[in-house]
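Student: Generate coordinates for the sequence data below:
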Amino acid sequence: MKILLNYSPNFDPKRRKNSQIKFIVFHYTGMKSEKKAIDKLLNHKSKVSCHYLIKNNGDIIKMVPETYQAWHAGISSWKKFKSLNKNSIGIEITNPGHEFKYKKFSTKQIYSLIKLTKYLVKKFKINSKSILGHSDIAPDRKLDPGEKFPWEFLSKNKIGIWHDLNLNKIKGERGLKISNPLKLKFINNLFKIGYPRSSKINKNKYKKIITFAFQRRFRQELVNGKIDKECLLISENLIKKLN
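Tutor: Predicted coordinates for the structure are as follows:
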């Protein structure tokens, strides 16, 4: 695996122990051009960075050594962990994102991502359950890597988790309304999975926000923020897989 070096000045100078690294977080760059994205990650004024960036052609650039905190996660949490910069490796993947004609990730990007992630998982002993998207850890702020990111395909390569329900069967449950107690059960399932709680946003508004985040990851064919029976069944299956 060939890795190019182009170091960013944006990182915390204090080294961290390998044992502190528990997560890998995937992002898209969310900018019109690849060059602009790279320039931003290298600009000290931007105050953002990542450990690795994967270009459109699949080239991998290392921007911050893993033993330092890069500035990619921002205000974030997952389960008991807060401010995930401290405990994660951030991987940016070139893609214009939802703001600039969001597109599918290239095959070359995904295969480079698989190689890189498997290398990092082995090196830092990272659990597949701890491979996340930016919108998982910051659902009120972020949409990336979004509903076109191939989480199901990656899970077949032991990267991240996915449910093991029969897709044709659960499609029949899509759009079916469920009772308010079951909707509450779904939301509590999301918290058990690891999605953050929020005391700053109106409860009903936040329920919709984390439902969107869940769907972008686990029910990508229909991302509408509405809790239906299919969403509930997927959440229950994931709870079983995680416990």
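Student: which of the residues in the longest helix seen in the chain are buried?
Tutor: Secondary structure of the chain read by DSSP state H shows that its longest helix is helix 107-124. Under the neighbour-count criterion of 16 or more other CB atoms under 10 Å, helix 107-124 has 109-110, 112-113, 115-117, 120-121, 124 buried. (C-beta placed from N, C-alpha, C; glycine too.)
Student: With stretch 191-202 instead?
Tutor: 193-196, 198.
Student: What pLDDT is listed against residue 85?
Tutor: pLDDT for residue 85: 97.
Student: which ones are touching it?
Tutor: 12, 69-74, 76 (CB atoms under 8 Å, 6 or more residues apart in numbering).
Student: Which residue lies nearest the spatial centre of this protein?
Tutor: Taking CA atoms, centre = their mean, the centroid of the chain lies closest to residue 133, which sits 0.3 Å from it.
Student: got a list of what it touches?
Tutor: Counted by CB under 8 Å, 6+ apart, residue 133 has contacts 25-27, 144-146, 149, 151, 216-217.
Student: so it bridges to which residues?
Tutor: residue 26 (DSSP bridges).
Student: Tell me which residues touch residue 160, please.
Tutor: 128, 131-132, 151, 154 are the contacts of residue 160 under CB under 8 Å, 6+ apart.
Student: ok, now residue 215?
Tutor: Taking CB under 8 Å, 6+ apart as the test, what residue 215 contacts is 147, 222-225, 231.
Student: quick one on the thing from earlier: which one of the contacts of residue 160 is nearest to residue 5?
Tutor: Of all these, residue 131 has the smallest distance to residue 5: 23.9 Å, by CB to CB.
Student: and the gap between the closest residue to that closest one other than its chain neighbours and residue 76?
Tutor: Nearest non-adjacent residue to residue 131, counting by CB to CB, 6 or more residues apart in numbering: residue 160, 4.3 Å away. Per CB to CB, to the nearest Å, residue 160 is found 17 Å from residue 76.
Student: Which positions within stretch 13-25 qualify as buried?
Tutor: Those would be 21-25, for stretch 13-25 by 16+ other CB under 10 Å.
Student: Show me where this structure has its helices.
Tutor: Using DSSP H, helices in the chain cover 34-42, 107-124, 134-137, 151-156, 167-171, 180-193, 203-218, 229-242.
Student: quick one: buried residues of the fifth one?
Tutor: Along helix 167-171, the positions that meet the burial threshold by neighbour count (16+ other CB under 10 Å) are residue 170.
Student: list the helices and strands the helix or strand of the chain with the lowest mean pLDDT packs on?
Tutor: In the chain, no helix or strand scores lower on mean pLDDT, DSSP states H and E than helix 167-171, which sits at a mean of 90. Using 3 or more CB pairs under 8 Å, 6 or more residues apart in numbering; DSSP states H and E, the elements in contact with helix 167-171 are helix 229-242.
Student: Flag every buried residue along the helix it packs on.
Tutor: Applying 16+ other CB under 10 Å to helix 229-242 flags 229-235, 237-238 as buried.
Student: Looking at these, which is nearest residue 86?
Tutor: Checking these one by one against residue 86 (CB to CB), the nearest turns out to be residue 238, at 25.4 Å.
Student: my read: that closest one touches residue 161, true?
Tutor: Yes. Contact criterion CB atoms under 8 Å: residue 238 and residue 161 qualify, at 6.7 Å.
Student: distance of the residue of the chain most remote from its centre from residue 227?
Tutor: Computed with CA atoms, centre = their mean, the residue of the chain farthest from its C-alpha average is residue 179, at 29.4 Å. Separation of residue 179 from residue 227 (CB to CB): 10 Å.
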